[in-house]
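Asker: show me the folded form of this:
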Amino acid sequence: MKERVGMGVVGAGSIGIRAALEHLSLPDVQDRVYLAAVCDPVPGRAEAAAKKYGVKAWYLTYEELLADPNVDAVTLCTPIGLHYEQGKMAIEAGKHVHFNKTMTTEVWEADDLIARAKAKGVKLVASPGMMLYPHNQRIRRLILEGRLGILNWAIGQAGGGGIERNYHLNEPIRQGEDVLSNIDPRWYFRRPGGGPQYDVTVYPLHILTGIVGPARRVTGFSGLLLKEREFRGEKFTCDMDDTTFLLLEFDEAFYAFIGATVAGRIVPGQNPNIYGTAGAVIGTKFGEMDLTQPFDAMPHWWGPHAQMQERHVYEDMMQLVDWIREGKPATIPSVEHARHVIEIIEAGYRAAETGQTQTLRTTFEPLPLEALAELPS
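Answerer: Below you'll find the predicted structure:
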């Protein structure tokens with residue numbers, strides 16, 4: 001067993017700070033993982049982050065961080081459009097990788113990273129590991145046990161949709177004057193990795209496919225409603241679609257509708273409603289049965305972590321840490337599941353552009369019955 005994993009944080013922006021630096025600097029994880037290095041191209045940001053969070057080394061360039069022998073693994077906290085190239089570089093350097101969502105923007109990129117990692121003996125984990133939530137496991141148990149009957153349809157919506165979509169522009173971490181609190185969010189609204197599909201629809205897609213299994217086909221519509229936005233008094237141009245509706249086909253006559261919009265919501269949370277011939281799960285409730293429980297937690301949510309922001313991302317990182325230290329594969333935040341969701345998103349855009357339903361080729365193994373959380377008594 002490896003004593004401690006040296007983590008390199010790539011990007012000291014919003015996620016780098018809230019998901020990686022704040023969590024991994026706490027005393028309770030130091031026996032397993034420590035902050036070996038941080039890098040960021042904004043002058044002074046990595047240095048300031050290293051001083052604030054006790055990181056062993058800081059760098060301006062990613063190449064310098066990868067050359068650091070103390071770095072065993074990296075967490076990519078960078079714009080999504082950079083993940084493929086940065087993941088490839090990390091694999092070639094022999095570093096294990098945690099990808100913040102989404103792993104890549106195109107399915108061929110995910111294919112290539114998976115193949116490269118296998119050849120190199122490098123471990124990959126991809127957020128978001130939504131099936132680590134016990135309530136999602138209980139929903140899958142209900143379905144596998146036949147409590148919903150034959151599945152017919154589902155509807156879900158991105159957690160950051162509607163008016164909330166402005167949250168990246170209004171986050172407190174972007175309103176300050178120092179280098180750790182003036183993080184620019186404009187990449188979220190630009191190609192290739194921006195837009196709500198890669199940023200937030202990835203959550204209900206991971207939940208739905210994790211619960212019911214891989215999709216077969218997808219069609220959809222997609223467009224850009226707000227072509228200009230404003231950040232801290234400065235207007236900027238948007239070029240990535242902000243409104244997308246997908247229709248997914250699973251088994252025969254079982255369809256799911258997933259949307260991301262500029263305005264309005266139907267489904268209040270990230271969990272889709274799932275309807276069958278014998279019953280339905282509405283959000284996280286099955287009739288009067290609440291599928292969330294007071295004692296529920298992901299495996300590493302102890303102490304202060306349970307109350308902190310981005311704790312689900314911290315959990316995915318710790319899944320990689322356990323895999324490196326103990327040889328226990330991270331089967332839930334898997335790159336195969338992430339690749340399938342990436343293909344759904346990419347194929348959805350292609351369907352919207354061409355008007356043709358797209359057949360999906362990727363798949364993954366959803367959790368078996370014996371691995372699922374028990375239902376409330």
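
Asker: which residues sit against the stretch of helix or strand residue 136 belongs to?
Answerer: Taking DSSP states H and E as the criterion, the element that holds residue 136 is helix 134-144. Residues lying outside helix 134-144 but in contact with it, judged by CB atoms under 8 Å, 6 or more residues apart in numbering, are 130-131, 148, 151, 207, 210-212, 271, 274, 276, 281, 284, 286, 291-293, 296-297, 366-367, 369, 371-376. All C-beta spots, glycine's among them, are computed from the backbone N, C-alpha and C.

Asker: ok, now stretch 254-265?
Answerer: With contacts defined as CB under 8 Å, 6+ apart, stretch 254-265 is touched by 150-158, 161-163, 165, 195-197, 200-201, 204-205, 208, 212, 215, 225-226, 242-250, 266, 272.

Asker: whichever of those end up buried, select them in PyMOL.
Answerer: A single PyMOL command selects the buried members of the contacts of stretch 254-265 (16 or more other CB atoms under 10 Å):
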select buried, resi 151+153+154+155+156+157+158+161+162+165+195+196+197+200+201+204+205+208+212+215+242+243+244+245+246+247+248+249+250+272
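
Asker: which of the contacts of stretch 254-265 fall in helices?
Answerer: 196, 204-205, 208, 212 (DSSP state H).

Asker: ok, residue 49 - contacts?
Answerer: Residues in contact with residue 49 (CB under 8 Å, 6+ apart) are 9, 12, 16-17, 21, 38, 40, 55, 58, 180.

Asker: hmm, back to that, now list the buried members of the contacts of helix 134-144.
Answerer: Buried, going by 16+ other CB under 10 Å: 130-131, 148, 151, 207, 210-212, 271, 274, 276, 281, 284, 286, 291, 297, 366-367, 372-373, 375, out of the contacts of helix 134-144.

Asker: read off the pLDDT value for the residue nearest to residue 325 when sequence neighbours are not counted.
Answerer: On the basis of CB to CB, 6 or more residues apart in numbering, the spatially nearest residue to residue 325 that is not a chain neighbour turns out to be residue 2, at 4.9 Å. Note on residue 2: pLDDT of 73.

Asker: please apply the same query to residue 252.
Answerer: pLDDT, residue 252: 88.

Asker: wasn't it part of a helix?
Answerer: No: counting by DSSP: H, G, I helix; E, B strand; the rest coil, residue 252 is not part of a helix but coil.

Asker: what separation do you get for it and residue 216?
Answerer: Separation of residue 252 from residue 216 (CB to CB, to the nearest Å) stands at 9 Å.

Asker: out of these two, which sits in the more crowded spot?
Answerer: residue 216 (14 against 7; other CB atoms under 10 Å).

Asker: tell me who's in contact with the nearest residue to that one once chain neighbours are set aside.
Answerer: Using CB to CB, 6+ apart and skipping residues adjacent in sequence, the residue nearest residue 216 is residue 249, 5.0 Å away. Residue 249 makes contact with 215-218, 255 under the criterion CB under 8 Å, 6+ apart.

Asker: and residue 249, what are its bridge partners?
Answerer: Beta bridges link residue 249 to residue 217, residue 255, judged by DSSP bridges.

Asker: cool, and residue 37?
Answerer: Counting by DSSP bridges, residue 37 is bridged to residue 8, residue 57.

Asker: who's in contact with it?
Answerer: 6, 8-9, 55-59, 65, 68, 70-71.

Asker: which one of those is nearest residue 33?
Answerer: residue 6 (7.8 Å; CB to CB).

Asker: give me the pLDDT for the closest one.
Answerer: Residue 6 is assigned 98 on the pLDDT scale.

Asker: in the stretch 1-150 of the chain, which spans are helices?
Answerer: Secondary structure of the stretch 1-150 of the chain, counting by DSSP state H, counting those that start in this stretch: helices at 14-15, 22-24, 45-53, 62-66, 83-92, 107-120, 134-144.

Asker: what comes up buried for the last one?
Answerer: Judged by neighbour count using 16+ other CB under 10 Å, the buried positions of helix 134-144 are 134-144.

Asker: quick one: average pLDDT of it?
Answerer: On average, the pLDDT along helix 134-144 is 98.

Asker: what of the shortest one?
Answerer: Averaging pLDDT along helix 14-15 gives 96.

Asker: which other residues reach it?
Answerer: 77, 100, 171, 173-174, 183, 185, 310, 313.

Asker: using CSV, write out every CA atom in stretch 266-283.
Answerer: C-alpha atoms of stretch 266-283 as CSV (Å, rounded to 0.1, in the frame of the first residue of the first chain):
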residue,chain,number,x,y,z
ILE,A,266,-40.2,21.6,-14.3
VAL,A,267,-38.2,19.2,-12.2
PRO,A,268,-36.8,21.0,-9.1
GLY,A,269,-33.7,19.0,-8.4
GLN,A,270,-31.1,17.0,-10.2
ASN,A,271,-33.0,13.7,-9.9
PRO,A,272,-35.2,12.8,-12.8
ASN,A,273,-38.8,11.6,-12.3
ILE,A,274,-39.1,8.0,-13.5
TYR,A,275,-42.5,6.5,-14.3
GLY,A,276,-43.4,2.8,-14.6
THR,A,277,-46.6,0.8,-15.0
ALA,A,278,-46.7,0.0,-11.3
GLY,A,279,-45.4,3.2,-9.7
ALA,A,280,-43.1,6.2,-10.0
VAL,A,281,-40.1,7.8,-8.4
ILE,A,282,-40.6,11.6,-8.1
GLY,A,283,-37.3,13.2,-7.4
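
Asker: many thanks, we can stop here.
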